[in-house]
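>>> can't give you the sequence, but here's the structure:
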């Protein structure tokens, strides 16, 4: 067990924002959630998967909605994610053992951290995505057959809904997204109440530590006057994909998602080239000079040249950005992982080629 310091938490959320690949929620909102718990003296305890009791239940609290959803004053002082965790705990009639994040992102990982700290529970060093993902069925839980229900949904207006059973994760996605879309703001959800014995083989191990390492690499490089992009690529076993100035950007709200794309005109070693990225909350596919460069489940992240990650839809015309890529966790590269979060999810009839082979 490790107690996370304030600096650890800042580094962790910056690393999560990189791994959020443009999505995962607003990191500034995420830091406000974490800082509130720090100011109230609450402790952030990180435990390894092996430290979770076999029979202990570990669900994941998070938010669902568009990145550009309306800001609504919540009726809950503790927030909808914390409330949804408590609602599910009350429904199941058993005190939960810990918290796990739903994905690595600036706000959604913060929601899990803040929930854990507020309720005096540890957060587990693992994650059922190893990155940010656009839809609820996009989890390693789905790949290995762990069910989402029962789950709780809480709106900032005070609505509390428990779904005891659902057809499948696709149906759950439609139900929760419809609630968020209909009220035009994000909702708190707690799902996948998994027991420790089952949890250990169902998630990406050490995901929180990985995000912390990446965020720390960015910060220390900036502080030491070194190249933060090079430090990040080294820490995450990644690749420099492109560097250029944004010449086109467009986005829209569509069914509870933020959908858009942007194009960069190359600078430096990429002079004379073009790069395009398309996103649905998260960056999902990129093209270099009209040819597919990187595609899900591999990661596409955008940063400023001085090493600060950028979330969607905040790429602005006239500004310079750096695009980097990272290999997806192995579970996403299995046939079932690629079935739900590979090229065919984007309607492309093509085989997935891992980023390290595509860029060889």
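Alright, I've got the coordinates. Everything numeric here is computed off the predicted structure, so don't read it as measured data. Numbers count the residues shown, from 1 in each chain.

>>> what residue of the chain is the furthest out?
residue 272 (33.0 Å; CA atoms, centre = their mean).

>>> dump the residue contacts of it.
residue 266 (CB atoms under 8 Å, 6 or more residues apart in numbering). Yep, even glycine has a C-beta here, placed from its N, CA and C like the rest.

>>> likewise the one 4 residues further on?
The contact partners of residue 276, taken as CB under 8 Å, 6+ apart, are 261-264, 286-287.

>>> Helices of the protein, residue ranges please.
Assigned by DSSP state H, the chain shows helices spanning 6-19, 27-39, 80-92, 108-119, 140-144, 169-183, 196-199, 207-223, 228-236, 335-341, 355-358.

>>> Mean pLDDT for the ones you listed - can I get that in TSV?
Compiled in TSV, the helices of the chain are given as follows (pLDDT from 0 to 100):
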stretch	mean pLDDT
helix 6-19	98
helix 27-39	95
helix 80-92	97
helix 108-119	96
helix 140-144	94
helix 169-183	91
helix 196-199	96
helix 207-223	98
helix 228-236	98
helix 335-341	95
helix 355-358	93
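
>>> For residue 259, list each beta-bridge partner.
Going by DSSP bridges, residue 259 is paired in beta bridges with residue 252, residue 280.

>>> And it, how far from residue 246?
17 Å (CB to CB, to the nearest Å).

>>> now swap in residue 262 and tell me
6 Å.

>>> Give me the more crowded residue out of the two.
Set residue 262 next to residue 246 and count neighbours by other CB atoms under 10 Å: residue 262 wins out with 25 against 18.

>>> quick one, what contacts that one?
246, 248-250, 276-277, 315.

>>> Just the buried residues of those residues.
By neighbour count, with 16 or more other CB atoms under 10 Å, the contacts of residue 262 hold 246, 249, 276-277, 315 as buried.

>>> Span of stretch 307-325 from start to end?
End-to-end span of stretch 307-325 (CA to CA, to the nearest Å): 14 Å.

>>> Use 418 as the first number for this chain going forward.
Right, with 418 as the first residue, what we last looked at is stretch 724-742.

>>> For it, buried residues please.
Buried, per 16+ other CB under 10 Å, within stretch 724-742: 724, 726-730, 732, 738-742.

>>> Do I have it right that residue 436 meets residue 525?
No - counting by CB atoms under 8 Å, residue 436 stays clear of residue 525, with 10.9 Å between them.

>>> now that we have the contacts of residue 693, which one has the most neighbours?
residue 681 (28 neighbours).

>>> what's across from it in the sheet?
residue 663, residue 692.

>>> before we move on, the earlier item: who touches both of residue 679 and residue 663?
residue 732.

>>> Output the buried ones among the contacts of residue 679 as CSV; include the columns distance to residue 599 and pLDDT.
Output for those, formatted as CSV (distance: CB to CB, whole Å; pLDDT from 0 to 100):
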residue, distance to residue 599, pLDDT
663, 33, 98
666, 28, 97
693, 32, 98
694, 30, 98
732, 29, 96
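
>>> Closest one of these to residue 491?
The nearest member of the buried ones among the contacts of residue 679 to residue 491, counting by CB to CB, is residue 732 at 29.3 Å.

>>> close enough to count as contact, the closest one and residue 662?
No - taking contacts as CB under 8 Å, residue 732 lies outside contact range of residue 662: 10.5 Å.

>>> Which neighbours do these two have in common?
residue 738.

>>> Report the contact partners of the nearest residue to residue 543 once chain neighbours are set aside.
Residue nearest to residue 543 in three dimensions, not counting chain neighbours: residue 620, with 4.1 Å by CB to CB, 6 or more residues apart in numbering. Residue 620 makes contact with 466, 517, 541, 543-545, 557-558, according to CB under 8 Å, 6+ apart.

>>> State the distance from residue 620 to residue 469.
11 Å.

>>> Can you work out which residues contact both of these two?
residue 541.

>>> so how many other residues sit close to residue 495?
16.

>>> Looking at it now. What's its pLDDT?
Note on residue 495: pLDDT of 92.

>>> wait, it sits on residue 535?
Yes - look at residue 495 against residue 535 with CB under 8 Å: they come within range, at 6.1 Å.

>>> Show me what residue 474 is bridged to.
According to DSSP bridges, beta-bridge pairing links residue 474 with residue 612.

>>> what sits against it?
509, 511, 513-514, 610-613.

>>> And it, how far from residue 518?
Taken as CB to CB, the span from residue 474 to residue 518 is 16 Å.

>>> same thing with residue 621?
Counting by CB to CB - residue 621 and residue 518 are separated by 10 Å.

>>> Kindly report the same for residue 722.
Distance from residue 722 to residue 518, by CB to CB: 29 Å.

>>> Compare neighbour counts for those two and give me the winner.
Counting neighbours by other CB under 10 Å for residue 722 and for residue 518 shows that residue 518 has the greater number, 30 against 15.

>>> can you pull the contacts of the residue nearest to that one when sequence neighbours are not counted?
Excluding its sequence neighbours, the residue lying closest to residue 518 (CB to CB, 6+ apart) is residue 529, at 3.8 Å. By CB under 8 Å, 6+ apart, residue 529 lies in contact with 477-479, 498, 516-519, 540.

>>> quick one, what contacts the residue most central in space within the chain?
Nearest to the mean C-alpha position of the chain, counting by CA atoms, centre = their mean, stands residue 549 at 2.8 Å. Counting by CB under 8 Å, 6+ apart, residue 549 touches 436-441, 520-522, 525, 698-699.
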